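have a look; sequence and predicted model below, questions after that.
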Amino acid sequence: MKKLVQDFEVLQRKELNDDHFVLDVKALEPLPEIRPGQFVNVLVKDSNTTFLRRPLSIHFVDYERNTISLYIKKIGDGTKKLGELKEGDTLNIVYPLGNQYSIPNNANTLLVGGGCGVAPLLYLAKHLNQAGNKVTTLLGVRSEKDAVELDAYKEYGNILVTTEDGSFGEKGYPTQHSILEKEKFDYVFTCGPEPMMKAVAAYSTQKNIPCEVSLENTMACGFGACLCCVTETTEGNKCTCTEGPVFNINDLKW
Amino acid sequence: MVNLGVKLKDLSLKNPVMTASGTFGFGEEFEDFIDLSNLGGILVKGTTRHHREGNPYPRMAETPSGMLNAVGLQNKGVENFCSEIYPRIKHYDTNILVNVSGSVIEDYVETAAMINDLEHIPAIELNISCPNVKEGGMAFGTSCASAAEVVKAVRQVYKKHLMVKLSPNVTDITEIAKAVEAEGADSVSLINTLLGMAIDAETRKPLLSTVTGGLSGPAVKPVALRMVWQVFNAVKIPIVGLGGIMNAKDAIEFMLAGATAVQIGTANFIDPQVTEKIVVGIEDYMKRHNIQDINDLIGALQVR
Ligand SMILES: Cc1cc2nc3c(=O)[nH]c(=O)nc-3n(C[C@H](O)[C@H](O)[C@H](O)COP(=O)(O)OP(=O)(O)OC[C@H]3O[C@@H](n4cnc5c(N)ncnc54)[C@H](O)[C@@H]3O)c2cc1C
Ligand SMILES: Cc1cc2nc3c(=O)[nH]c(=O)nc-3n(C[C@H](O)[C@H](O)[C@H](O)COP(=O)(O)O)c2cc1C
Ligand code: FES
């Protein structure tokens, strides 16, 4: 898959809550094929503390509008500056980067996301649904106001939520949700904070279900040139940006 | 037509723009973005005698106008390079240089000897300045005696162009440059990364697994320029300048300070097409200043 560096045009920025927003950016040339789990590396302008590009998962691709959506959490100055982009601004992007999630057929699939880790799950849900899988998306958030975009997920399957304060859905962490014991899943996909992914991995191992996780190691280049982003695997250090970010948990030393 | 071609002794470059080792993979990683044949040369990843896993993650920390890395020379070893990688890249229409690293002299010598046999590799860059390997690396480049010793040993087995990459982590870089020139280095490249560190105040922990790492990017440029200028005034062999070059203007500054060619490192991460843009930008500069031959710029700094 050929990697590109291109200027995109900001179509709109949707504020989801205090610190999350979705940015829709339009390519000026027809988009190439983009697979679920892949990411982009964006150039942030006018930020003194942002020297390197910022890696962001591909949240959704709309080939009709020729747009990519990014789901972003404001962490530091780089993501804050992205949150100030306006309609018509340009955003320089290197993409499509990384490998992809596996897409099984006719399986009962569970997607578990937390924090900004939910980003790649929407596009994954779409692909899983298209391939005839049953899709259940389980989002773990702090409280009700963080449970966003639920209708979008509903398009492709079932959506469940856990909140830490119990204000919406079931109270607790996603790995404490009752569905995990009620239903038998064939495939689990997860992205989010490492402790959450490790808990999901432990659940999958115990139930003997294949599980793929998406890692967010710090990166300098995003396309395999610097070897800064490695993750330890059973076959030695692997490059998270080219051989990942999606890994099967059996390959990780978790 | 302006002339962009430069010569590092017997080694001809179609233009002075090369890439810095460890920031350009094996060149393959950039084939989607640029036409490698537009570059004066590419330096492939640091290669050692034996396979190295490198340092544990985290290996990178962003800093104001730069980054720290602690990759630690992760590579599959010289035999793998010769059998697997070289056949894939040898057709590139540019000079391919291998960055040879090590921790003991015999490793440098054996690695250099194996690469000497590769027809399409016209030169090596001897890395005696890596701050990220415990057992040595930089240690060779920080004393005149050990720098001279490793260059002397490699010179005996390596018959093509021998470039030696100098460490900025020294009191007087000109002394090291003179020492490697005396042992038969054909050129010197400088600078490698500056030793630095970064701390997370919230967690009270270092940001790199190795605590310290190598600083690169625009943050190091003034130091690198100064060192190129000092070395230019101390040795006769050609100099390849690098450290924080982000655009054509930066590259010209290094040439004015005395560099015959330049290497682009960290900038490749931010703009994978930056090297081609720098070639074009240098040409524009020459036209703007009515310079026919790029060689007229080398060391052309006008000090008062
Ligand atoms: C493959 C990949 C996909 C990603 N996808 C998304 C996404 O879809 N949406 C999203 O909001 N974020 C995503 N991230 C994380 C995002 O890149 C970071 O949040 C962003 O780089 C922070 O930049 P900043 O300038 O705002 O903060 P900075 O000023 O760089 O950082 C603020 C603080 O957060 C810490 N930090 C920053 N990045 C990371 C990291 N990756 N891991 C651990 N600590 C970190 C820093 O050490 C610092 O303490 C992804 C990361 C990767 C590697
Ligand atoms: C991620 C990374 C890896 C590097 N690996 C090597 C290496 O293997 N051998 C070497 O001689 N220098 C290595 N360097 C140093 C660069 O080649 C260069 O000397 C330094 O980064 C300064 O140039 P820059 O500011 O243009 O990046 C590395 C630098 C970085 C950022
Ligand atoms: S971020 Fe540079 S190799 Fe992965």
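Received, thanks. Numbers count the residues shown, from 1 in each chain, chains lettered A, B, ... in the order given. Ligands and ions are numbered 1, 2, ... in the order given.

low-confidence ranges in chain B?
B:131-138 (pLDDT under 70).

can you do 90?
Across chain B, the ranges flagged by pLDDT under 90 are B:1, B:103-104, B:129-143, B:303-304.

what residue of it is the furthest out?
For chain B, the largest distance from the centre (C-alpha atoms, centre = their mean) belongs to B:Glu202, which lies 35.1 Å off.

ok, that residue to ligand 1 distance?
Plainly put, B:Glu202 is 7 Å away from ligand 1 if you go by C-beta to the nearest ligand atom, to the nearest Å. For glycine as for every other residue, the C-beta is placed from the backbone atoms N, C-alpha and C.

return the distance of that residue relative to B:Thr210.
Distance, B:Glu202 to B:Thr210, using C-beta to C-beta, to the nearest Å: 20 Å.

got it, and A:Pro104?
40 Å.

what mean pLDDT does stretch A:191-210 have?
Averaging pLDDT along stretch A:191-210 gives 95.

that one near chain B at all?
No: Stretch A:191-210 stays clear of chain B (C-beta under 8 Å from any C-beta of the partner chain), getting no nearer than 12.0 Å.

pop out the phi and psi values for B:Met18.
phi -120, psi 180 (degrees, to the nearest 10).

can you tell me the SS state at B:Ile278?
Under DSSP: H, G, I helix; E, B strand; the rest coil, B:Ile278 falls in the helix class.

what's the closest non-adjacent residue to it?
B:Ala248 (4.9 Å; C-beta to C-beta, 6 or more residues apart in numbering or on different chains).

kindly report the same for A:Met196.
Take A:Met196 and drop its neighbours on the chain: the residue closest to it by C-beta to C-beta, 6+ apart is A:Gly114, 4.5 Å away.

neighbours around the one you found, how many?
The number of residues packed near A:Gly114 is 25, by other C-beta atoms under 10 Å in any protein chain shown.

same check, this time on B:Val228
Using other C-beta under 10 Å as the criterion, B:Val228 is surrounded by 29 other residues.

hmm, B:Leu190 and it touching each other?
Yes: using C-beta atoms under 8 Å, B:Val228 is in contact with B:Leu190, at 6.4 Å.

between the two, what contacts are shared?
Contact with both B:Val228 and B:Leu190 is made by residues B:Ile239, B:Gly241, according to C-beta atoms under 8 Å, 6 or more residues apart in numbering or on different chains.

how about residues contacting the longest helix along chain A?
Determined from DSSP state H, the single longest helix within chain A is helix A:194-207. For helix A:194-207, the surrounding residues in contact (C-beta under 8 Å, 6+ apart) are A:112, A:114-115, A:117, A:140, A:173-175, A:180, A:185, A:188, A:190-191, A:210-211, A:213, A:249, A:252, A:254.

next one: the closest residue to chain B within the stretch 151-254 of chain A from ligand 3, what distance?
Closest approach of the stretch 151-254 of chain A to chain B (C-beta to the nearest C-beta) occurs at A:Cys228, with a separation of 3.7 Å. To ligand 3, A:Cys228 is 5 Å away according to C-beta to the nearest ligand atom.

that residue - nearest residue in space that isn't next to it in sequence?
Of all residues beyond its chain neighbours, the one nearest A:Cys228 is B:Met60 (3.7 Å), with distances taken as C-beta to C-beta, 6+ apart.

for the one you found, the count of nearby residues, please.
B:Met60 has 26 neighbours, counted by other C-beta under 10 Å.

and A:Asp186, by the same measure?
For A:Asp186, the count of nearby residues is 14 (other C-beta under 10 Å).

hang on, the earlier thing: report pLDDT for the residue nearest to A:Met196.
pLDDT at A:Gly114 comes out at 92.

identify the bridge partners of it.
Beta-bridge partners recorded for A:Gly114 (DSSP bridges): A:Gly140.

hang on, it packs against A:Val141?
Yes: A:Gly114 lies in contact with A:Val141 (C-beta under 8 Å); the separation is 7.3 Å.

confidence score at the residue most central in space within chain A?
Nearest residue to the geometric centre of chain A (C-alpha atoms, centre = their mean): A:Pro120, 2.5 Å. pLDDT, A:Pro120: 97.
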